[in-house]
Each structure stands twice: as C-alpha cells, then as structure tokens.
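Q: Please work out how this folds:
(2 chains)
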Amino acid sequence: MGMDKDMDLIDEDGLRLDGRKFDELREINIEAGILKRADGSAYLTWGKNKVMAAVYGPRELHPRHAQDPSKAVVQARYNMASFSVPDRKRPGPDRRSVEISKLMSEALEEIVFVEQFPRSAVDVFVEILEASAGTRCAAITAASVALADAGIPMSDMIASCASGKIDGHVVLDLGKNEDNFGEADVPVAIVPRTGKITLLQMDGNLTIEEYEEAMELAINACHEIYDIQREALKKRYSTSIDSYEDLEEV
Amino acid sequence: MSEDKEVKKRELLLPGDVIEEEDVKPGRGTFMKDKKIYASKLGVKTFRAGYVNVAAQSGRYDPKRGDKVIGTVTDVNSSIWMIDLNAPFPAVLHVNDVPWRVEFGDTASYIDVGDAVLVKISNVDELKKVQVTMDEEGLRKLNSGQIIEIAPSQVPRVIGRKGSMITMLKGYTGCRIFVGQNGRIWIDGDIQGQYLAVKAIKMIEEKAQALGLTNAVEEFLKKETGKDLDLEE
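A: As a prediction, the model looks like this:
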C-alpha cells in the first residue's frame, strides 16, 4: 500500500489503468453446473480472475465431534493454485487463505437454512485458478451460485464486490496494480434482497465520507453482480423447465 | 397421448424469489417472512392441498415419511442396522422393523454390512433422525441384480407420467426394476436386459430436458430389442 507515487493509476482523461471509469466493474462471466460429480458448481471469470467453486452436501459430518446437533456446519475452503499468480505460490493453506476460508464460511452460513440439516455439513471448495485482485469477492460470488446450483435451501444468494481508493479517488473493483499501489481496499458482500452485509473488511485508510462513498459504490455493484448470478442459474436450468409440464407432480 | 395440451412455460424460481400467490400456505422448498412467501430452493412452483411448494431441480435426497428407498447397510450392532440412503442423515433399521424374528445379537446373520435393502421411511423427526422399516409387503433385502444411481430430482422422469416410462422400461427389457425415491434404481434380470435398462436410464438422465422423451426412449428400446410392444392398457 501507498509507495508514494511510483505509478499513475489515473490518466489525464480520468480513466483508470485498464480504461475503466471510477464506477465501472471488470467483465464478469458465470457458468453454473460445470462439475458433474459435485452437487453444485460454478465457474466465474472476473477480469483476469478465474475461480471455480464446488459444493458438496448437505452430508454427514466427520469427525463426529465437529457436528452441531442443532444445525449444519458450512465449511468453506479457499485455495489458491500454485500457478494462480506470476510468482509461484507455495501450495497449501497459509495465514491469508485460512482467513478467507473462515470469512467465507461465515458469510455463506448467513444465507443457508442451516437449522434444516442438524449434524451435517455443507462443504464449499473454491479454487482460485488465476488471481488478479478481488479474489475473495469472486470466491464468495461463485460459491453462492454453486450453493444455489446444489439445491441447498437458502434465503437468498450473496453478491460481493470491492471498492477502494486510488490516487485520492474512490473507485469500484480494484484491479491488480490498483490494489498494490492504491491507498485502500474495501471488500463488501451483501444479501441483495435484504441489504444485509455479510462481509466487510478494509485494508488502508479512508475518511468517513470516502468510506461512505466506497460502500455505496460497492453495494450498487453487488446488485449488478446479483443479476449476473441469477442469469447464470437461469441459463443452466431453463431447458429442463420447458419439459416439466410432462411430469406427474410428486 | 394428447400432444395438443398447451405447454405453458413455468418460471424458474431462485432462492429468495417472492412467490406471489393468494390464500396458500408455504410448503416444501419455501419459507415465509413478513407475510410473504419466498422460494428457498432453485426450482419450479407446484400446488397441492392449499400449499405452494417449490419442486427442486437439483440437490440431495431429502428423506420424507412414506418414501420407498434403496439403502446400503453401513453398520450393524445387536439391535439395529445403520442404513445409508444417500441423504444428509443416516437411517436406522431396528430389529423390530424386519419381517423376521431376530435373536438378540444375531442381526448380522440376516443383513450384513454392504447389503442392499429396499425399505420404507417410517419416520423423520424434528432432529432429522430417520427411521426405516422393512416389515411391509414388497420390502426386502436385495440379493441379486444391480443398483445404479441418478440425481433424486430426475426420479419423476424415470417413472414418467402415471408410470409410463418405467412400465415401458420393464416391458422392453424384461427386467424387474425398482426406482427408489432417493435416486437409487435396482435392476434385475438377464444380463442383456440389465445392460439395456442401464443404457436407457442413462439416456433419460442425460436428455431429461428433451421434449418427447418417452417417445425417444421407446424408439431406442424398439431398435435395440427388435420388439414392438403395445403398452396401452
């Protein structure tokens, strides 16, 4: 963060390094149901990020002492592939991925009806195949599509996006250099239907006014992302609905 | 076979979508909040007895009382068998719920670990403890044949409208077939028939969305067997 001015992040036209405006997202694509053996899955590309999410369960939780007799445990695992960054990442969980796994579990547990599945576990695996800033938001966004694809009862989906501050301006969805050389990064995840916030972090410093502006940008973007998530699921299931009329109601 | 029946498009509901209906109670796959009914699963809405349900399009088997399912035995002790139903919860088969008189401690000589059983779910309590029974006509240990698995959401398709698909499969392959509600299918018969049945079921699973699926499967079975059965009665 903030190595004084070694890079201009905003050009004279007021555009960012990749030509985006301040409130513009990178391109996001989501495909649901890509893994045959998983109960639910999703593949997401977000700018240069490539993320794959798989959901298994609800299923019996082992070891048994980890079971909760009143509800299901949501176990998310965030993992970066060794080839996901320019310099090889040492494989395996590290301080950062353990943190992200934990906050993903907590964010997702908020929407899943965990009390319907006592003693069981919902396993969410997110693999970061290519990373370029904003992977935790990408991971949560993909994971919630995979959860819906897995047919797990939930109150809504979660959409997530980051905003931040570069060269003194509050902007949406930081890219890699913006993240490295910018002044602040604020990842946010919300439940779009209720507006509830399930993830909020801040790296760097913002004034209260800047913070409020950043939040507004991120929350608006989350609603945009929510629409992309819904489209992905509709695309996957629309064909199977067409012939539903043929069937006996069970 | 009336093809003229108007196929009205059903809307796909996603978790959190509002179900705008009057005078209905929230049923399976839904939840209620602030006097509004929402879908909790990805699926389509159906109505039954004053309830609005969301029929899930994917997901694991959710044990329901009265369902006939195929389970495998995972553990045996002196008075119960533990049964895996491919559900989030294990099921219990008590010695009192089998058609035999079992001496205490003699459980494993009747059904042992690894055996497949055709059972009915007799109870699912609030804590999701699942109990199954075998003490009813048609329920038994499955000694021969093979078991294949499909997604539980595809079970209605393999059965077909009023059992049309399953009747056809049985007729053409000459196999005994039982479709458990948990997505496990037991097939028994001569090896050719079994092979054909498995192939046809795989076809149903893959092409589930194709219109006129029943006809497509019938064509396939006719071609493979060289038979032409009239199953209209």
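Q: need the contact list for B:R28.
A: B:51, B:53-54 (Cβ atoms under 8 Å, 6 or more residues apart in numbering or on different chains). Backbone N, C-alpha and C define where each C-beta goes, glycine included.
Q: does B:Y51 really touch B:M32, like I thought?
A: No - using Cβ atoms under 8 Å, B:Y51 makes no contact with B:M32, being 11.6 Å away.
Q: any shared contact partners between those two?
A: Residues within reach of B:Y51 and of B:M32 at once, by Cβ under 8 Å, 6+ apart, are B:P26.
Q: How many residues are close by the closest residue to A:K196 other than its chain neighbours?
A: Excluding its sequence neighbours, the residue lying closest to A:K196 (Cβ to Cβ, 6 or more residues apart in numbering or on different chains) is A:I190, at 6.5 Å. For A:I190, the count of nearby residues is 26 (other Cβ atoms under 10 Å in any protein chain shown).
Q: A strand includes A:I190, no?
A: Yes - applying DSSP: H, G, I helix; E, B strand; the rest coil, one finds A:I190 inside a strand.
Q: ok, it touching A:L200?
A: No - look at A:I190 against A:L200 with Cβ under 8 Å: they stay out of range, at 9.2 Å.
Q: any idea how far A:M52 is from chain B?
A: Distance of A:M52 to chain B, computed by Cβ to the nearest Cβ, to the nearest Å: 18 Å.
Q: In terms of pLDDT, where does that residue sit?
A: pLDDT, A:M52: 98.
Q: Now do stretch B:152-168: distance to the chain's middle.
A: With Cα atoms, centre = their mean, to the nearest Å as the basis, stretch B:152-168 stands 9 Å off its chain's centre.
Q: buried ones in it?
A: For stretch B:152-168, burial by neighbour count (16 or more other Cβ atoms under 10 Å in any protein chain shown) applies to B:152-160, B:164-168.
Q: hmm, that stretch touching chain A?
A: Yes - counting by Cβ under 8 Å from any Cβ of the partner chain, chain A has neighbours in stretch B:152-168: B:153, B:155-157, B:159-162.
Q: cool, and stretch B:182-201?
A: No - figure legend: stretch B:182-201 not in contact with chain A (Cβ under 8 Å from any Cβ); closest approach 11.9 Å.
Q: Contacts for that stretch, please.
A: Contact with stretch B:182-201 is made by B:61, B:63, B:67, B:69-71, B:85-87, B:116, B:118, B:142, B:144-152, B:154-155, B:158, B:169, B:172-180, B:217, B:220-221, B:224-225, as judged by Cβ under 8 Å, 6+ apart.
Q: Could you list which of these belong to helices?
A: Secondary structure from DSSP state H places B:155, B:158, B:169, B:172-173, B:217, B:220-221, B:224-225 of the contacts of stretch B:182-201 in helices.
Q: which ones are touching B:L169?
A: Residues near B:L169 by Cβ under 8 Å, 6+ apart: B:158, B:175, B:177, B:197, B:200-201, B:217, B:221.
Q: for A:S101, same thing?
A: Contacts for A:S101 (Cβ under 8 Å, 6+ apart) come out as A:76-78, A:93.
Q: Validate this expectation: it resides in a helix.
A: Yes - checked against three-state DSSP, A:S101 lies within a helix.
Q: Starting from A:E110, give me the distance back to the residue nearest to A:P187 when sequence neighbours are not counted.
A: Closest residue in space to A:P187, ignoring its immediate chain neighbours: A:A162 at 4.2 Å, by Cβ to Cβ, 6+ apart. For A:A162, the distance to A:E110 (Cβ to Cβ, to the nearest Å) stands at 19 Å.
Q: can you check B:S144 too?
A: B:S144 sits at a distance of 49 Å from A:E110 (criterion: Cβ to Cβ).
Q: so how far is B:P156 from B:E218?
A: Per Cβ to Cβ, B:E218 is found 18 Å from B:P156.
Q: where does chain B dip in pLDDT?
A: Low-confidence segments of chain B, defined by pLDDT under 70: B:1-9, B:208-211, B:231-233.
Q: In it, what residue comes closest to chain A?
A: Of all residues in chain B, B:G59 sits closest to chain A, at 2.2 Å by Cβ to the nearest Cβ.
Q: Spatially, what comes nearest to B:L139 if we skip its sequence neighbours?
A: Excluding its sequence neighbours, the residue lying closest to B:L139 (Cβ to Cβ, 6+ apart) is B:L118, at 5.4 Å.
Q: Likewise for A:R136?
A: Spatial nearest neighbour of A:R136, chain neighbours left out: A:I100 (5.0 Å); criterion: Cβ to Cβ, 6+ apart.
Q: what about that neighbour, neighbour count?
A: Using other Cβ under 10 Å, A:I100 is surrounded by 25 other residues.
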